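Q: using only what follows, build the 3D model:
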Amino acid sequence: ATAYVLHTSGSTGAPKGVRVTRGALAHYVFAMRDALDVASGDTWVHTASFAFSSAMRQLLVPLVAGGAVAIADEATRRDPAALRTFVAAHGAT
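A: This next block holds a predicted model:
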């Protein structure tokens, strides 16, 4: 079953949809959790645009480990000082 569809220009420059299956997504998320040693006490700061596939990693990996996610808004993501403050305020690990 499909988890989501990622749209990309591919090598031709023509837009196309790439189907990411639930199984592939689950395998990736759990493998990243294990590789990065993410645990239930961890808090990740989400900085990726939800338009990119990296958003799935930043959102789902800590959640499957029982951790937390603090989602930084666009203004915070673009300002290094604001991002530092955001990270500290949310106790990001």
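Q: and the one helix or strand in the chain whose mean pLDDT sits lowest, what does it pack against?
A: In the chain, no helix or strand scores lower on mean pLDDT, DSSP states H and E than strand 2-8, which sits at a mean of 88. Helices and strands touching strand 2-8, as assessed by 3 or more Cβ pairs under 8 Å, 6 or more residues apart in numbering; DSSP states H and E, comprise strand 16-21, helix 22-36. Every residue, glycine included, has its C-beta placed from N, CA and C.
Q: 6 Å instead, please
A: strand 16-21 (3 or more Cβ pairs under 6 Å, 6 or more residues apart in numbering; DSSP states H and E).
Q: would you put the C-alpha positions of the strand it packs on in CSV?
A: What follows is strand 16-21, C-alpha atoms only, in CSV (Å, rounded to 0.1, in the frame of the first residue of the first chain):
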residue,chain,number,x,y,z
LYS,A,16,6.6,12.5,-12.1
GLY,A,17,5.2,10.9,-9.0
VAL,A,18,7.2,8.3,-7.1
ARG,A,19,5.1,6.0,-4.9
VAL,A,20,6.7,5.3,-1.5
THR,A,21,5.1,2.2,0.0
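Q: packing partners of it?
A: strand 2-8.
Q: report the contact partners of Val38.
A: With contact set as Cβ atoms under 6 Å, 6 or more residues apart in numbering, Val38 has these partners: 61-62, 65.
Q: most neighbours, which of these?
A: Neighbour counts for those (other Cβ atoms under 10 Å) peak at Pro62, which has 27 neighbours.
Q: kindly export whichever strand or helix holds it (C-alpha atoms) in PDB.
A: Secondary structure assignment for Pro62, by DSSP states H and E: helix 54-64. Taking Å, rounded to 0.1, in the frame of the first residue of the first chain, the C-alpha atoms of helix 54-64 are listed here in PDB:
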ATOM      1  CA  SER A  54      13.500  14.400   4.500                       C
ATOM      2  CA  ALA A  55      10.500  15.700   6.400                       C
ATOM      3  CA  MET A  56       9.400  12.100   6.900                       C
ATOM      4  CA  ARG A  57      12.800  11.200   8.600                       C
ATOM      5  CA  GLN A  58      12.700  14.300  10.900                       C
ATOM      6  CA  LEU A  59       9.100  13.700  11.900                       C
ATOM      7  CA  LEU A  60       8.700   9.900  12.100                       C
ATOM      8  CA  VAL A  61      12.100   8.600  13.400                       C
ATOM      9  CA  PRO A  62      11.800  10.200  16.800                       C
ATOM     10  CA  LEU A  63       8.100   9.300  17.100                       C
ATOM     11  CA  VAL A  64       8.600   5.600  16.500                       C
END
